[in-house]
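Chemist: All I have is the shape, not the residue letters:
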């Protein structure tokens, strides 16, 4: 009898501990902080299997008292392959430079870029909004974005769900499910992913996801792609 009661008590404690797991998921930018990521995209474009590898580097230039964070970013395509044939070097083009202004909660305020083919819809899909409160495992928070036709941005909604903590690449991380969808227009873009962000400072550690109805270039019909992002230590 006592053994049965003990087992019941332990089970109840375990269930309670899991249900009460919570976290403060926050971005803690510091001036001069540098990060680097490798983005790997696999897609089928007009019947061809395409893989793109991109390296991005960013530096926090300023953390204002008003909560605005200014970041300088560089993006360089590392390789491009069509049906397994890899192209490298000058054919990939020069790196692009961008300056981002963001809120500390991850909200995007503005972008200035020398990229000749900017993709504002993709930038909106990539926003990671940090919650304004402590969240429990299984709890969600949302971001809604109004349309801005002048900037080529469609209305959208993103739902984020905290899935718990995990150690990824040797770093304690918060695991978050991301569900982004445009809420207007034909062939709305959808992005479903799982992201792991550092428990220490909110940096992205890893992301795995899939995009549907994504427009890589205005001359190419929307398609689908898988995305993997890995942190590169600098």
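Modeler: Right, received. Where do you want to start? Keep in mind that this is a model prediction, so the values were computed, not measured.

Chemist: Show me where this protein has its strands.
Modeler: Under the criterion DSSP state E, the chain contains strands at 22-23, 34-45, 48-63, 68-82, 85-87, 96-103, 108-113, 135-136, 140-145, 156-168, 171-182, 190-198, 204-214, 223-232.

Chemist: Relative to residue 122, tell me which of those strands wins on proximity.
Modeler: strand 204-214 (7.2 Å; CB to CB). In short, each C-beta sits where N, CA and C put it, glycine included.

Chemist: For the closest one, buried residues please.
Modeler: Using 16 or more other CB atoms under 10 Å as the burial criterion, the residues of strand 204-214 that qualify are 204, 205, 206, 207, 209, 211, 213, 214.

Chemist: Contacts only, for residue 198.
Modeler: 171, 172, 173, 174, 204, 205 (CB atoms under 8 Å, 6 or more residues apart in numbering).

Chemist: Throw those residues into TSV and include pLDDT, thanks.
Modeler: Shown next, in TSV, are the contacts of residue 198 (pLDDT from 0 to 100):
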residue	pLDDT
171	95
172	98
173	98
174	98
204	98
205	98
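
Chemist: what's the closest of the residues you listed to residue 59?
Modeler: Taking CB to CB as the measure, residue 59 lies nearest residue 204 of the contacts of residue 198, at 15.1 Å.

Chemist: Low-confidence stretches in this structure?
Modeler: 1-20, 88-91 (pLDDT under 70).

Chemist: Pick out the residue closest to the middle of it.
Modeler: In the chain, the centroid-proximal residue (CA atoms, centre = their mean) is residue 126; its distance is 4.8 Å.

Chemist: Dihedrals phi and psi, that one?
Modeler: Dihedral angles of residue 126 (phi, psi; degrees, to the nearest 10) stand at phi -90, psi 0.
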